[in-house]
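Peer 1: Test case, fold it:
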Amino acid sequence: MLLHCEKILHQGEKRLGMQDEDFAATQNIEGTTVRLWFRKTELTVKAMYQPILDYLSKYIELTDTEAERFKSFLKHRKLRKRQYLLQAGDVSTFETFVAGGCLRSYSVEEDGTEHIVQFAIENWWIGDLYSFLSGAPATLNIDAIEDSDVFTIDKSDLERLYREIPKFERMFRILFQNAFVAYQQRILSKISQTAEEQYIEFIGKYASIEQRVPQHQIASYLGMSAETISRIRKQQSKH
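Peer 2: A predicted model of the protein is given here:
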């Protein structure tokens, strides 16, 4: 999109609102050099939304109008490493889609011990579902393990989306059901499997996560000590 054009005069160049993310195209018109400035971010806005649109296409088919309406409800956020998305005690009014990076949700005991509930990498959703659905204060913290790009959608906007485009209600119902099934399976694994079996299952399902998060956080997620993880890894390396 054209921001402005300016004449490059003999006595020097005058820039109007030039920013780091702008770039220029130069043309000579009737002996005067005219430079056109463009905003890169505006030209790449379509690419910014592509990850979540690609994700949706696995579940539902959207018309161009429906896709634009969905995008109008989204808020794009960039999170720095260790930056909070949600803190315990606040009410969670949104759900979050991870377009890039890695986040975690976790609780903290009075002595500072952390219990990680979920990791979320690209194309995953994350949130405090209990707080989101009930309106009660969140019991979980959510922060970024890496610099991350996320999209959030507010609960009120999601309800409106359900009314306007009903296929979204079915899609999110499936997502919530899948989250419940995953939580139930995790509990059963904790009850019935040894520490080694739990770790092997984790890296089998989430090999890419293992390469991106610290060992002590994997241990926290599995409910075991970092020393136990080290011992299991040593045993695995011998096989």
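Peer 1: CA only for contacts and neighbour counts going forward, please
Peer 2: Noted.
Peer 1: Quick check: the gap between Phe97 and Val108.
Peer 2: Applying C-alpha to C-alpha, to the nearest Å, the value for Phe97 to Val108 is 23 Å.
Peer 1: between these two, which one's more packed in?
Peer 2: Phe97 (23 against 14; other C-alpha atoms under 10 Å).
Peer 1: Give me the neighbour count for the closest residue in space to that one that isn't next to it in sequence.
Peer 2: Excluding the flanking residues, the one nearest Phe97 by C-alpha to C-alpha, 6 or more residues apart in numbering is Trp125, at 4.5 Å. Applying other C-alpha under 10 Å, we find 19 residues neighbouring Trp125.
Peer 1: Please apply the same query to Glu110.
Peer 2: Counted with other C-alpha under 10 Å, residues neighbouring Glu110 total 6.
Peer 1: That one in helix, strand or coil?
Peer 2: coil (DSSP: H, G, I helix; E, B strand; the rest coil).
Peer 1: show me the contacts for Ser57.
Peer 2: Ser57 makes contact with no residue under the criterion C-alpha atoms under 8 Å, 6 or more residues apart in numbering.
Peer 1: all helices for the chain, in order.
Peer 2: 40-43, 45-56, 64-73, 129-134, 155-164, 167-192, 195-205, 207-210, 215-222, 226-238 (DSSP state H).
Peer 1: hey, what's the residue nearest the centre of the chain bridged with?
Peer 2: Most central in the chain under C-alpha atoms, centre = their mean is Val98, positioned 1.7 Å from the mean C-alpha point. When assigned by DSSP bridges, Val98 has beta-bridge partners Val150.
Peer 1: Would you check that Lys78 makes contact with Ala144?
Peer 2: No: using C-alpha atoms under 8 Å, Lys78 is not in contact with Ala144; the gap is 9.8 Å.
Peer 1: Tell me which of those two has more neighbours.
Peer 2: Just comparing Lys78 and Ala144: by other C-alpha under 10 Å the higher neighbour count belongs to Ala144, 22 against 16.
Peer 1: ok, now which ones touch the nearest residue to the more buried one once chain neighbours are set aside?
Peer 2: Spatial nearest neighbour of Ala144, excluding adjacent residues (C-alpha to C-alpha, 6+ apart): Leu103 at 4.3 Å. Going by C-alpha under 8 Å, 6+ apart, Leu103 touches Phe119, Ala120, Ile121, Ile142, Asp143, Ala144, Ile145, Glu146, Ser148.
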